[in-house]
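Novice: sequence unknown, structure follows:
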């Protein structure tokens, strides 16, 4: 059974930074593609950043390019999302997922989500 547990959310002022973590309980972590998604109130869930561990390729939504960085640690079975220069419009529940499709990104196994709130 695949389990994903996010952590690291919180409240931060605009311009600040947060790092989200996603601990994955699954075999062959290094062979998986992972994505971070977010859902703001009244909006659809959207892909934010993805990484394919096997070849290292990454993808970012235009809205976060240059500000967010997705990374992973195969020794800890953990995926990270470093979020810098945060804006109020980044406020959302952030979810980690294993990817069933790369483009556009679509998750198949999901974590429970972690709230990120950016105050102006």
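Specialist: That came through, no problem. Values in this document were obtained by computation on a predicted structure and should not be read as measured data. Residues are numbered from 1 along each chain as shown.
Novice: Direction included, what does the helix or strand hosting residue 109 pair up with?
Specialist: In the assignment (DSSP states H and E), residue 109 maps to strand 106-110. The strands that strand 106-110 pairs with in its sheet are strand 92-101 (antiparallel) (by DSSP bridges).
Novice: sorry, back to before: between the helix or strand that the strand holding residue 109 is followed by and strand 92-101, how big is the angle?
Specialist: Going down the chain from strand 106-110, the next helix or strand is strand 114-119, by DSSP H and E. Here strand 114-119 points in a direction 130 degrees away from that of strand 92-101 (axes from the mean of the first three to the mean of the last three CA atoms, to 10 degrees).
Novice: Quick check: the spatially closest residue to residue 82 that is not a sequence neighbour vs residue 107, distance?
Specialist: In this structure, residue 82 finds its nearest non-sequential neighbour in residue 69, 4.4 Å apart by CB to CB, 6 or more residues apart in numbering. To be clear about C-beta, it is placed using only N, CA and C from the backbone, and glycine gets the same treatment. To residue 107, residue 69 is 19 Å away according to CB to CB, to the nearest Å.
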